[in-house]
Structures are given as structure tokens and as C-alpha cells.
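Undergrad: got a structure for you, letters missing:
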């Protein structure tokens with residue numbers, strides 16, 4: 001059914017192209033109000049500007065063309081020119097892309113850009129190319145933090161026996177390494193799970209916690225910047241290589257503008273969310289350098305398992321992450 005629907009969508013997109021001239025479509029799973037969706041529209045507008053109106057970019061929000069589960073295959077098969085892909089979707093084909101799931105990889109909001117610019121982008125894009133995809137630009141989602149109702153979290157011993165909601169398999173592995181007892185619970189069910197005591201804590205981002213009112217059922221917030229979700233806007237490689245050099249340059253330049261727009265939006269969103277949480281009366285603690293180092297040591301096995309799975313490419317990314325010059 002997916003291939004039939006996808007083929008129909010591709011035909012419709014092609015028909016639109018014939019009717020309206022040079023254009024392409026970006027398939028996006030988030031609703032229009034989401035900051036990543038707004039970023040993709042910034043990208044679309046910038047492409048039109050930088051190509052002098054030669055290209056029009058259609059943005060299909062809210063999964064109107066393809067769902068999160070379908071988008072990677074759709075881009076690879078050329079059923080849509082461009083799509084928003086979560087890096088977690090690449091784990092089966094490019095295990096090295098799971099680098100963003102590593103705990104305590106980034107210290108602050110400026111770190112992901114520094115990591116990518118230092119060589120991670122080039123390394124990963126080369127791997128994506130082998131699978132028929134070209135990376136256009138990255139989409140930061142923001143940091144994951146730790147919430148609970150028992151006590152502040154300063155060291156691994158504070159996690160011992162603590163039941164916590166996790167958002168993914170990778171998140172669960174990290175929480176287990178810290179000593180917690182994780183349970184995979186959807187974001188929609190998180191509030192009720194904490195309120196009813198099914199779990200005593202949760203991992204989620206601050207803006208998400210505010211939108212879902214997690215601060216209403218939590219007593220403690222630990223700002224750990226412990227994990228970050230990454231998405232990227234990616235193109236079908238064959239389609240990309242069919243474009244002339246000037247158009248490619250304009251699209252990549254538009255991607256840089258969109259990346260910066262999103263980073264600014266994420267920083268503003270994080271700041272506003274933290275203000276809301278503090279005003280709600282939660283006890284907030286930020287990990288010190290020593291506390292962070294202890295948690296890094298406790299989760300070392302997660303990094304080792306990643307390298308074992310991702311091989312030489314994974315090791316290159318880990319070496320880059322551990323190089324002090326990367327984040328200067």
C-alpha cells in the first residue's frame with residue numbers, strides 16, 4: 001500500500017512540476033506550528049530568493065505525504081525529492097548516525113554545530129551518499145533533561161532504583177547504565193504516568209515538558225543536557241545530482257540560513273521554558289563539571305557499545321567528540 005500511495009504522490013508532484021515550472025517538495029512530519037516546520041518554510045523562502053525565483057519549494061507539513069516511518073524510504077526511492085529525517089531512522093543502515101543518542105555528547109546548545117562543522121557532517125553525509133541520500137541541513141531539536149519526584153539528581157547513585165519514563169530504546173540503555181529502572185512511555189502518556197506514580201521521573205526536553213505540563217507533576221528538574229535529538233533535511237541523491245551547480249549552491253546556502261534560524265529558535269524556546277519551570281516552583285539543579293564527569297564515566301559502556309556497532313566510522317565520530325579542539 002505504501003508504494004502505491006507513494007507512487008501516486010510522486011506522479012502528483014511531477015504533474016505539479018510540469019504545471020508550475022521548476023520546483024520540489026519537502027515532506028515534513030511536524031505540524032506547521034512546530035519550530036522545525038517554521039524552519040523548513042524559512043528554507044523554502046530562501047531557496048526561492050537565492051535562485052531568483054527559479055525554484056519554488058512546496059512544503060507538505062503534518063505528514064501529509066509521508067509519515068515518520070515512511071520518509072526515509074520515500075527519499076531513497078525518489079518518491080519525494082526532499083524529506084525531514086530523524087537520525088534515529090538511519091540506525092539500521094548507517095549505525096554511525098546513532099552518535100546523537102550518546103549520553104552527554106554535547107555540553108551546551110552551541111556544541112552540535114561545532115561537532116558537525118568539525119567534521120561530523122562530512123563523515124555522516126558520505127555515509128548517507130552511499131545509501132542514495134544527500135544531507136542538505138541539520139535540524140536541532142534541543143536538549144533532553146531529567147525530571148523526578150524523589151530527590152535532586154547529582155550523581156549515578158541518585159538514580160539507583162528510580163523508576164523513570166524513557167522515550168526510546170537508546171534512552172532506556174543510558175538510564176539503566178546510570179542505575180535507574182526505565183519504562184518506555186509515549187509523550188502523550190507521560191503526564192498521567194508521573195501523576196499516578198507509575199514512574200517517579202522522566203526524561204524529556206524543557207519545551208516539551210512545558211507544553212505537556214510535566215512541571216505540574218514533578219518536583220525536581222536536573223539540567224543535565226544529557227541527550228539531544230537531531231533531524232536533518234535530506235534529498236534523493238539522484239535528484240540532487242541532476243541539479244546544476246548554481247542551484248545546488250543556492251540550496252545549501254538556504255540550508256545554512258535555516259540552520260541558524262532554528263538554533264536561535266531553540267535557544268529562545270529553551271530559555272522561555274526554563275523560566276516557566278522555575279516560576280512553577282520546581283527545585284532546579286544544574287550539573288557541575290564534576291557531577292557531569294561522574295555521569296559520563298557511568299555511561300561509558302553505552303559509548304563502547306556504540307563503537308562496537310558502528311565500527312570504524314563510529315570510532316571516528318567518537319574521537320572527534322572527545323577531541324577538546326572540536327568544541328573550542
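TA: Perfect, I can see it now. Everything numeric in this text was worked out from a predicted model, so none of it was measured.
Undergrad: The residue nearest to the spatial centre of the chain: what's it in contact with?
TA: The residue lying closest to the centre of the chain (CA atoms, centre = their mean) is residue 230, at 2.0 Å. Contact analysis of residue 230 by CB atoms under 8 Å, 6 or more residues apart in numbering lists 86-87, 100, 112, 138-141. Bear in mind the C-beta positions are built from the backbone N, C-alpha and C, glycine included.
Undergrad: Try it again at 10 Å.
TA: By CB atoms under 10 Å, 6 or more residues apart in numbering, the residues touching residue 230 are 85-88, 97, 99-101, 112, 116, 124, 138-141.
Undergrad: and it, which of the three is it?
TA: Assigned with DSSP: H, G, I helix; E, B strand; the rest coil, residue 230 falls in the strand class.
Undergrad: now swap in the one 4 residues further on and tell me
TA: Recorded secondary structure, residue 234: strand (three-state DSSP).
Undergrad: For the stretch 1-150 of the chain, just list every one of the helices.
TA: Using DSSP state H, counting those that start in this stretch, the helices of the stretch 1-150 of the chain run over 2-20, 35-50, 71-76, 111-115, 121-130.
Undergrad: By mean pLDDT, show me the worst of those.
TA: Mean pLDDT is lowest for helix 2-20 among the helices of the stretch 1-150 of the chain, at a mean of 43.
Undergrad: quick revisit: quick check, pLDDT for the residue nearest to the centre of the chain.
TA: With respect to pLDDT, residue 230 has a value of 89.
Undergrad: any idea how far it lies from residue 56?
TA: 28 Å (CB to CB, to the nearest Å).
Undergrad: ok, residue 39 - how many residues close by?
TA: Residue 39 has 29 neighbours, counted by other CB atoms under 10 Å.
Undergrad: got the contact list for it?
TA: 28, 30, 84, 137, 139-140, 231, 233, 255, 257-266.
Undergrad: May I ask which helix or strand encompasses the closest residue to it other than its chain neighbours?
TA: Nearest residue to residue 39 in three dimensions, chain neighbours excluded: residue 262, at 4.2 Å (CB to CB, 6 or more residues apart in numbering). According to DSSP states H and E, residue 262 maps onto helix 245-279.
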